[in-house]
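Visitor: Return atomic coordinates for the entry below.
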Amino acid sequence: MNKSMWSFRLSTASLVLIPVAVGINYIGKTLASVLKLPLWLDAIGTMLASMLGGPIIGALSGAINNVIYGLTMDPISFIYGITSLFMGLVAGILAYKGWISSWSKAIIVGIAVGLTAVVISTPLNISFWGGQTGNLWGDALFALVMAKTKLVWFASFLDELVVDVPDKLITVLISYAIFRGLPNNLKQLYKSNNKIESLD
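Guide: Residues are numbered from 1 along each chain as shown. Next comes the predicted model:
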């Protein structure tokens with residue numbers, strides 16, 4: 001892969017983007033909770049940071065977000081920091097590769113991020129919660145599948161799938177809508193590949 005994809009500018013813009021992303025995530029999570037939605041909507045900021053800053057900034061935003069959630073809202077969030085990290089990486093890579101140039105491509109990004117969350121979170125769900133997600137809709141499906149098959153991995157995978165893919169699809173589309181609405185001069189702050197510092 002191009003080295004510059006794994007680089008980021010150690011600028012004020014990059015440093016400010018991470019707490020802004022965490023704040024947006026908080027708003028989304030709170031809104032979903034207040035409205036009692038069957039979704040989480042807690043990664044809108046992470047996806048936006050990935051679109052603007054690339055995979056490293058996206059991954060950092062996702063991981064730091066879960067640490068702050070764990071300290072202030074729910075200790076369970078610590079466990080899923082790895083999920084958020086990989087979601088930020090995937091979204092950032094796809095954004096860098098040009099997959100946020102249209103609504104149809106944004107849908108593909110949303111599905112890819114959702115499937116990433118499913119693959120990473122399912123083993124965590126099984127290890128810590130017996131396979132359930134804590135989401136009412138998903139856990140109802142989990143109970144139904146377990147009653148018919150007794151296959152914990154299959155039931156847990158479906159539980160996560162029916163929640164995470166729709167959630168992350170909607171999350172990415174909201175993030176993309178915000179991204180499209182940002183001024184071009186703001187986007188350009190994150191597009192320069194010159195005078196950057198790399199993790200390599």
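
Visitor: so where do the helices sit in this protein?
Guide: Assigned by DSSP state H, the chain shows helices spanning 12-34, 44-53, 55-72, 81-96, 103-129, 136-149, 152-181, 184-188.

Visitor: mind listing what's buried in the fifth one?
Guide: In other words, helix 103-129. Neighbour-count burial for helix 103-129 flags 105-106, 109-110, 112-118, 120-122, 124-126 (criterion: 16 or more other C-beta atoms under 10 Å). All C-beta atoms are positioned from the backbone trio N, CA, C, and that covers glycine.

Visitor: most distant residue from the middle of this protein?
Guide: Ranked by distance from the centre of the chain (C-alpha atoms, centre = their mean), the top residue is residue 148, with 31.8 Å.

Visitor: And that residue, what's its pLDDT?
Guide: If you check residue 148, the pLDDT there is 95.

Visitor: before we move on, what about residue 74?
Guide: We have a pLDDT of 82 for residue 74.

Visitor: can you check the one 10 residues further on too?
Guide: For residue 84, the pLDDT comes out at 96.

Visitor: Contact partners for the nearest residue in space to it that is not next to it in sequence?
Guide: Spatial nearest neighbour of residue 84, excluding adjacent residues (C-beta to C-beta, 6 or more residues apart in numbering): residue 62 at 3.2 Å. By C-beta atoms under 8 Å, 6 or more residues apart in numbering, the contact set of residue 62 is 43, 46, 81, 83, 84, 85, 86, 87, 88.

Visitor: Double-check residue 141 against residue 162; I have them as touching.
Guide: Yes - between residue 141 and residue 162 a contact is recorded at 5.7 Å, counting by C-beta atoms under 8 Å.

Visitor: still on that earlier bit, distance check, the residue nearest to residue 84 against residue 77.
Guide: To residue 77, residue 62 is 11 Å away according to C-beta to C-beta, to the nearest Å.
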